[in-house]
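> Below are the sequence and a predicted model; questions follow.
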Amino acid sequence: VTDLERLTSLREDAVRLTPDGHPAKPLWLNNLGRSLSIRYEHFGDVSDLQKSISLLEDAVRLTADEHTDKPPLLDNLGHSLSSRYTRFGDVTDLERSISLREHALRLTPDGRPDKPSRLDNLARSLSIRYERFGDVIDLERSISLKEDAVQLTPDGHPDKPLRLNNLGDSLSSRYGRFEDVTDLEKSISLFEDAVQSTPDGHPGKPSLLSNLGLLLFTRFQGFGDIVDLQRSISLGEDAIQSTPDDHPDKSLRLNKLNLSLLQRILRSSDPSSSDLSKAISYASHAARSHTGPSAQRFHAAEFWIGYVRHGHDSQPLLDAYTVAVDLLPQLAWIGLSLHDRYHQLLRAADAACDAAAIALEVHKPALAVEWLEQGRSVVWSQFSQLRTPVDALKSVYPELATQFEHVSRELEHGSARDRAPIGELTADSNMKVGVLEKEARTYHEFALSRERLLAEIHALPGFERFLLPKTIKQLSSLAHAGPVVFLNANKQRCDALVVMAGSEDVIHVPLSNTNYDEVAGMQLRMNDLLRLKGRAMMHDDSDRGARVKGMTPDDVFSSILPYLWEKVVSPILEVLSLSVCPKLPRIFWCPTGPFSFLPIHAAGLYDKTNPSPKLSDFAVSSYIPTMSALELPPQEHSEVTSRNIRLLVVPQPSTDGQSHLSGVRGEIESIRKSASSSPFVSFQEADGTVEDVSSKMMETDWVHFACHGTQDRTNPYDSGFLLAHGKRLKLPDIARLSRPHGGLAFLSACHTATGDAQLSEEAIHIAAGMLLVGYRGVIATMWSILDNDAPRVTDDVYKSLFSDGQVPDSRQAAEALHDAIERLRDSGASFLSWVPFIHVG
């Protein structure tokens, strides 16, 4: 370490003393960049990695392709970008790494002594891309390149063990894909050779030991030879003992060892064996690491939870879940693009719900609510934090507050940026990757700066909890408009948690008459039923076409809605002592898991011959993605005190490339008529282009979309409205808007509150996006709506909001929608007509 620090210092001096334009300057920049990259690999300081990339970028830029130093410079920059991808998961870094290494290989003639290095390094980046996307072409090319690298590297060469290891790694990946035992055996043989030819004390030895241990564990899984398991553990422990605690790969190596230890624990007759104690220690150490990648740390937390789940003492389990939930925002690191953040969260999709279930098992309902609030809608919460006013900080530390606001604004702008093109790189896409990598590097720097500023702020008296997760005391104050009900669906139990205004005593309602499988089954039935695309033209079109195992839509709803009433909603209303009354109270639903896709608001018994109870008799329902959606801004814009409401209407453009919605023009005219009846409302109509709609949304108070909407099942963050010239106003476009006007967003389009089944806790839908950009309430749809119903609901809602001679108040939208749906339902409309409409916020 002393030598590394001395070398880095000398190389810093060399760069500082060499004037710009000197022919040796690129080489000195490269050397310093490599030293900082090596130091990062030893100590995990991200600032070293960031500076390394910046220096290497300069070295590459200053060196012509014809220069003999260009290939190693490209390769070194590719290495540092690959390291940053491993740390944070930004695909742009990975694609740029591959592009640079492809370029380096092309510039390296056959016969050059560094040719094997170019082959091997490109192959390693391709292997990483295979792990991310699973494209076999990447895997096969990686193996071919690594085989060439091994063949061109003579025995005794210092890099031979590493290249054997790398080839073995790709062969083991191919075994995992196709289960060809030949690949597994050859992989183990290569790893054995790599370990045997590397002396003890070599800095690369721990990695080789850990990798060989993992391969032996893989063979044990396939063939059950206990000798493989025992040797796997022995090698893994040797690797751990040789790895410093602050090494960035320590978490990874501990996790590999824990795979083997877990199997030995499961085979042991003594559940309290020393193996279990070691495994818990290893997992907790890895999860709490400050230098390992967040994905590895979260994986370690999962090990930890599994080990202590069945212990007699609940505190270790609570400790493990505390670490796991705290890691969720780090998985979705704020410096990443939306796409990469959501990808990282896939591995932790159920973490918050599972944590809440454990908290309830040990009778801590308040903790369950805190974890559900902290661990759900992580990405939207990050966006919201970037827009949180810092007036209190500014009044005491104005300079620090100004710095923090600047960094937050930059991150807000960059969070919705594009992602890199994946796969084969053309000249155009290669250029785009370079541009996007520069953008990514900029926002990485802003994210790291924000972390440093937060640490500085938290050290100040009175700001210890600045932007930290809310406590139950803070959360209960958000239930000012009515009780908030969390519905938690976990494979072990289902529960409701009720938060009342000003009370830290959370009401726990066990939903003991239902279970996860039944709720998930209802979700699947709804999915099968509601596969309509866009606003349907006629009632008959959808009613005749949609059947589930011979059942009509009404048959399906007639079974699901009573179930929800009897086993979910009715027990909650009993605890709340709600009764039928003229002025109905509000109730805010915050469902999780499969509950998120069920029409809780429509729960009830719908007997056509006898009056039967239903939720709408007792309360006006709204949905919220998190309790923070109910937080009032310090100086809330109130339409009640405004003299004019600027209402923007977005009708279906003729050039959207979709089927014509015959009901839209009548819907728009009815809005215009209602608006004209109020002296406080001015009416604007957008031309339907993405640019015009975005611009006018920032200038107006309310917005009404009457067009096609879509929930993108492949990329849910690309969900949006289908507008003019075939373009889409996507969620990232909406997230970029900054409009402090409050107001109502009426989304008379399909799938505007559908969400994504794989990330049900993230509320990836348009309605949540509208809350994010400042609308106080949203009328949205859970799935497709019928074109002749939308105008009726719209007309009734606006007549209610505009007809009393007062300034329209968007806070009355939930009641207005409730009454409009009651009239539609009482007119004899089918379930498909009225159930989709919901209020959010």
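Cool, got the structure. Numbering: from 1, shown residues only.
> List the residues that contact the residue lying closest to residue 387 once chain neighbours are set aside.
Take residue 387 and drop its neighbours on the chain: the residue closest to it by CB to CB, 6 or more residues apart in numbering is residue 412, 6.6 Å away. Just so you know, the C-beta spots here come from the backbone N, C-alpha and C atoms, and that holds for glycine as well. Residue 412 makes contacts with 383, 386-387, 736, 738, as judged by CB atoms under 8 Å, 6 or more residues apart in numbering.
> Likewise for residue 18?
Here residue 18 is in contact with 24-25, 28 (criterion: CB under 8 Å, 6+ apart).
> Please apply the same query to residue 136.
Residue 136 touches 130, 177, counting by CB under 8 Å, 6+ apart.
> what sits against residue 802?
Taking CB under 8 Å, 6+ apart, one finds 674-675, 677-678, 681, 808 in contact with residue 802.
> Tell me which entries of these lie within helices.
Of these, the ones assigned to helices by DSSP state H are 674-675.
> Which SSE is immediately downstream of the host helix or strand of the residue nearest to residue 387?
Element membership for residue 412, per DSSP states H and E: helix 398-414. Using DSSP H and E, the helix or strand that follows helix 398-414 in sequence is helix 427-458.
> my read: residue 360 touches residue 495, true?
Yes: assessed by CB atoms under 8 Å, residue 360 is found in contact with residue 495 at 5.6 Å.
> measure the residue nearest to residue 387 to residue 184 for me?
48 Å (CB to CB, to the nearest Å).
> any idea what sits nearest residue 464, other than its immediate chain neighbours?
Going by CB to CB, 6+ apart, residue 464 has residue 458 as its nearest residue, at 5.7 Å.
> burial count for the one you found?
Here the count is done by other CB atoms under 10 Å, and residue 458 has 13 residues near it.
> what about the spatially most central residue of the chain, helix or strand, and which?
Central residue of the chain (CA atoms, centre = their mean): residue 342, 2.7 Å from the mean position. Assigned by DSSP H and E, residue 342 belongs to helix 338-345.
> Just want the angle from the next helix or strand after that helix to helix 338-345.
Sequence-wise, the next helix or strand downstream of helix 338-345 (DSSP H and E) is helix 351-361. Angle of helix 351-361 versus helix 338-345, following axes from the mean of the first three to the mean of the last three CA atoms, to 10 degrees, is 40 degrees.
> and helix 351-361, what does it pack onto?
Applying 3 or more CB pairs under 8 Å, 6 or more residues apart in numbering; DSSP states H and E, we find helix 351-361 packed against helix 315-331, helix 365-375, strand 484-489, strand 494-499.
> Ends of stretch 580-595, what's the gap?
25 Å (CA to CA, to the nearest Å).
> buried stuff in that stretch?
Buried positions in stretch 580-595, judged by neighbour count with 16 or more other CB atoms under 10 Å: 584, 586-595.
> what residues are up against the closest residue to residue 701 other than its chain neighbours?
The shortest distance from residue 701 to any residue other than its chain neighbours is 4.1 Å, reached at residue 743 (CB to CB, 6+ apart). By CB under 8 Å, 6+ apart, residue 743 lies in contact with 637, 639, 645, 700-703, 774-776, 810.
> For PyMOL, write a command that selects the buried ones of those.
Entered in PyMOL, the line below selects the buried ones among the contacts of residue 743, by 16+ other CB under 10 Å:
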select buried, resi 639+645+700+701+702+703+774+775+776+810
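> ok, of the contacts of residue 743, which one's closest to residue 336?
Within those, the smallest distance to residue 336 is 23.8 Å, found for residue 774 (CB to CB).
> count of residues packed around the residue nearest to that closest one when sequence neighbours are not counted?
Excluding the flanking residues, the one nearest residue 774 by CB to CB, 6+ apart is residue 739, at 4.9 Å. A count of nearby residues for residue 739, using other CB under 10 Å, gives 16.
> Ok, residue 184 next?
Residue 184, neighbours per other CB under 10 Å, totals 21.
> Roughly how far does it sit from residue 227?
16 Å.
> cool, and residue 828?
74 Å.
> In this structure residue 833 contacts residue 790, no?
No: counting by CB under 8 Å, residue 833 does not reach residue 790; the two are 9.7 Å apart.
> still on that earlier bit, can I get the buried part of the contacts of residue 18 as one PyMOL selection?
PyMOL command restricting the contacts of residue 18 to the buried ones, with burial defined by 16+ other CB under 10 Å:
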select buried, resi 25+28
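> just to revisit the earlier point, mind giving me CSV with the contacts of residue 412 and columns for pLDDT and neighbour count?
Output for the contacts of residue 412, formatted as CSV (pLDDT from 0 to 100; neighbours: other CB atoms under 10 Å):
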residue, pLDDT, neighbour count
383, 88, 21
386, 90, 19
387, 87, 15
736, 85, 18
738, 77, 12
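> now, which of the residues you listed lie within helices?
Using DSSP H, the contacts of residue 412 in helices are 383, 386, 736.
> Name the nearest residue to the first one, ignoring sequence neighbours.
Yep, that's residue 383 we're talking about. residue 772 (5.4 Å).
> And the strands in the protein?
484-489, 494-499, 507-510, 586-591, 620-623, 645-651, 681-685, 702-706, 709-710, 720-722, 728-730, 744-747, 777-781, 837-840 (DSSP state E).
> Now do the fifth one, average pLDDT.
In this model, strand 620-623 carries a mean pLDDT of 98.
> can I have that strand written out in CSV, keeping just the CAs?
Provided in CSV are the C-alpha atoms of strand 620-623 (Å, rounded to 0.1, in the frame of the first residue of the first chain):
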residue,chain,number,x,y,z
VAL,A,620,-64.9,8.2,-0.7
SER,A,621,-61.9,6.2,-1.8
SER,A,622,-58.6,7.5,-3.1
TYR,A,623,-55.3,5.7,-3.8
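> What are the contacting residues of it?
Contacts for strand 620-623 (CB under 8 Å, 6+ apart): 584-591, 600-601, 615, 753, 777, 814-815, 818, 838-841.
> so where's the stretch 201-350 of the chain uncertain?
271-272 (pLDDT under 70).
> Kindly recompute the last result at 90.
Across the stretch 201-350 of the chain, the ranges flagged by pLDDT under 90 are 246, 267-274, 310-313, 336-340, 342-343, 346-347, 349.
> that older thread, by contact count, what packs against the helix holding residue 342?
helix 315-331, helix 378-386, helix 731-736.
> Rebuild the ones you listed as TSV, extending it with distance to residue 87.
Below are those laid out as TSV (distance: least, CB to CB, whole Å):
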stretch	distance to residue 87
helix 315-331	11
helix 378-386	18
helix 731-736	24
